[in-house]
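Novice: kindly generate the corresponding structure for this input.
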Amino acid sequence: MQIYLPVAEISVNVLILLGLGGLVGFLSGMFGVGGGFLMTPLMIFIGVPAAIAVGTGTNQVAAASVSGVLAHWRRGNVDVRMGAVMLAGGVAGSGIGVWVFRLLSDVGQIDLVISLAYVLLLGTVGGLTVAESFRAIARSRRSPTKRRLHTHFWVHGWPLKMRFPKSKLYISALPPVSIGFFAGILAAIMGVGGGFLLIPAMIYLLGMPTAVAVGTSLFHIIFVTAAATFLHAVTNQTVDVVLALVVLIGAVIGAQIGTRVGSQLRGEQLRALLGLMVLAVGFKVGYDLVVEPSDMFSVVPLAGE
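Specialist: Got it, this is the predicted structure:
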């Protein structure tokens, strides 16, 4: 059954969109990511223009994250204070990201920048996450001795320290604000919640427990992607409401299932699976950049006509 997307100006099978939403929602609940790192490329793969995919992707990510965070809230895995501190930087970052997005769109380079950003970030973060996760799995099998919760880095010596009882941390507020700021920029330019970056940073840099990092990541993603969606709709007019609503139906259901599955896995196993998924998407985007397209020409209306 075909459905017409008024802003994207294409017709797509509604079952495909529901399936994409369900898959992304499942990943959102399982890994604590918004799923935009997968949803945005998948929408581009089925023919949605990149700018529309980014603007609409942030809307879908926000809604899917609400479903996932409710499940994690019931399990006590959301550090609201940490999420609020990160949100201070995230909202500012999303505003700057939307401004940069508009500039790149005006010069006609937004599609290329989006693809290159996915290849660079997904390849780097995915590779590092997979490598660390497999080392952690090997250590757990080799030695069951208890290790320290986290390693102290130079950022832990920064001023403006705060206590985060849920995460059992006493650290500077500046690193969480900086992480949130960068995630906000990614949300606006790439249409992602930034969970693939937030979770490794929260675990390895801030020292948060994996379960709490997952729930808090979703909490942060809700508000940052909602802000990015609003700004994209007002500034760039790149939010397709019909597309967002269809994928949302599947995403809400998938997020609840993913949360139940994720609760059965250990932290290092979750991180390894997330890293492999990130690498796979990054490889696909990179492949599409270098492979020769089947259609060497495209016809589009010129500006002002």
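Novice: what does the helix or strand hosting S11 contact?
Specialist: Of the helices and strands defined by DSSP states H and E, S11 is found in strand 10-13. With contact meaning CB atoms under 8 Å, 6 or more residues apart in numbering, strand 10-13 is reached by 1-5, 46-48, 243. In short, each C-beta sits where N, CA and C put it, glycine included.
Novice: stretch 58-65 now?
Specialist: Residues outside stretch 58-65 that contact it (CB under 8 Å, 6+ apart) are 21, 24-25, 28, 34-36, 39, 187-188, 191-193, 218-219, 221-223, 225-226, 228-229, 232, 239, 241, 244, 247-248, 251-252, 254-255.
Novice: neighbour count and pLDDT for the contacts of strand 10-13 - can I get that in CSV?
Specialist: As requested, the contacts of strand 10-13 are arranged in CSV below (neighbours: other CB atoms under 10 Å; pLDDT from 0 to 100):
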residue, neighbour count, pLDDT
M1, 6, 77
Q2, 10, 84
I3, 15, 86
Y4, 10, 85
L5, 21, 85
I46, 13, 83
G47, 12, 83
V48, 24, 85
L243, 27, 86
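Novice: format those residues as CSV; extra columns: distance to S105.
Specialist: Conversion of the contacts of strand 10-13 to CSV gives the following (distance: CB to CB, whole Å):
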residue, distance to S105
M1, 32
Q2, 28
I3, 26
Y4, 23
L5, 19
I46, 21
G47, 19
V48, 15
L243, 19
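Novice: residues in contact with A188?
Specialist: Taking CB under 8 Å, 6+ apart as the definition of contact, the neighbours of A188 are 58, 93-98, 100-101, 228, 231-232.
Novice: now those residues in CSV, with neighbour count and distance to M277?
Specialist: Rendered in CSV, the data for the contacts of A188 read as follows (neighbours: other CB atoms under 10 Å; distance: CB to CB, whole Å):
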residue, neighbour count, distance to M277
T58, 37, 19
G93, 27, 24
S94, 31, 24
G95, 16, 29
I96, 14, 28
G97, 27, 23
V98, 27, 27
V100, 14, 27
F101, 27, 25
A228, 37, 22
L231, 23, 28
H232, 28, 25
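Novice: make JSON lines out of these and add secondary structure.
Specialist: Below are the contacts of A188 laid out as JSON lines (DSSP: H, G, I helix; E, B strand; the rest coil):
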{"residue": "T58", "secondary structure": "helix"}
{"residue": "G93", "secondary structure": "helix"}
{"residue": "S94", "secondary structure": "helix"}
{"residue": "G95", "secondary structure": "helix"}
{"residue": "I96", "secondary structure": "helix"}
{"residue": "G97", "secondary structure": "helix"}
{"residue": "V98", "secondary structure": "helix"}
{"residue": "V100", "secondary structure": "helix"}
{"residue": "F101", "secondary structure": "helix"}
{"residue": "A228", "secondary structure": "helix"}
{"residue": "L231", "secondary structure": "helix"}
{"residue": "H232", "secondary structure": "helix"}
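Novice: which of those lies closest to V177?
Specialist: Of all the contacts of A188, G93 has the smallest distance to V177: 9.7 Å, by CB to CB.
Novice: for the closest one, give me its contacts.
Specialist: Residues in contact with G93, defined by CB under 8 Å, 6+ apart, are 180-188, 224.
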